[in-house]
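# Need coordinates for the below:
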Amino acid sequence: MKYDVLVIGGYFLDFIFAELEDSPGLGREVFSKQFFMLPGGSYNTVATLHRLGVKAAWAVKFGNDEFSQYVIKAAENDGLDASCFSYEKRPIRNITVSASLQGCLLYTSDAADEEDSV
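Below is the predicted model of the structure:
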């Protein structure tokens with residue numbers, strides 16, 4: 001298949017905690033009123049191109065873990081082309097966590113090794 005764009009880059013699974021009751025602290029539970037788990041990273045670029053009608057391929061590496069499987073399923077549901085996906089028989093867990101509270105945004109990221117991008 002011929003593509004207009006080749007997107008090269010890893011996936012992330014974004015954990016988003018919205019409307020926290022208070023700032024997180026060591027040894028203290030803080031609850032959020034909303035939680036979202038969404039594909040992120042390069043997924044956002046290729047999914048947007050696809051929605052705009054651009055023939056986009058995504059060169060990405062997935063593992064055999066639950067986070068990879070979640071993003072693969074989302075890609076299938078969004079109609080993304082999986083022909084450039086590669087699969088490893090080991091976990092590749094790329095996550096980001098963000099939390100919003102009273103006008104502030106907290107963000108952290110934990111990615112696998114750079115070699116896991118593609």
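# The residue located most distally from the centre of the chain and His50, how far apart?
When distances are taken from the C-alpha mean of the chain, Gly27 lies farthest, 27.9 Å away, according to CA atoms, centre = their mean. As judged by CB to CB, to the nearest Å, Gly27 and His50 stand 44 Å apart. Every residue, glycine included, has its C-beta placed from N, CA and C.
# ok so, going back, give me the phi and psi angles of the residue farthest from the centre of the chain.
phi 70, psi 20 (degrees, to the nearest 10).
# cool, and Glu76?
In this entry, Glu76 is assigned phi and psi values of phi -60, psi -50 (degrees, to the nearest 10).
# What sits closest to it if chain neighbours are left out?
Nearest residue to Glu76 in three dimensions, chain neighbours excluded: Ala82, at 7.2 Å (CB to CB, 6 or more residues apart in numbering).
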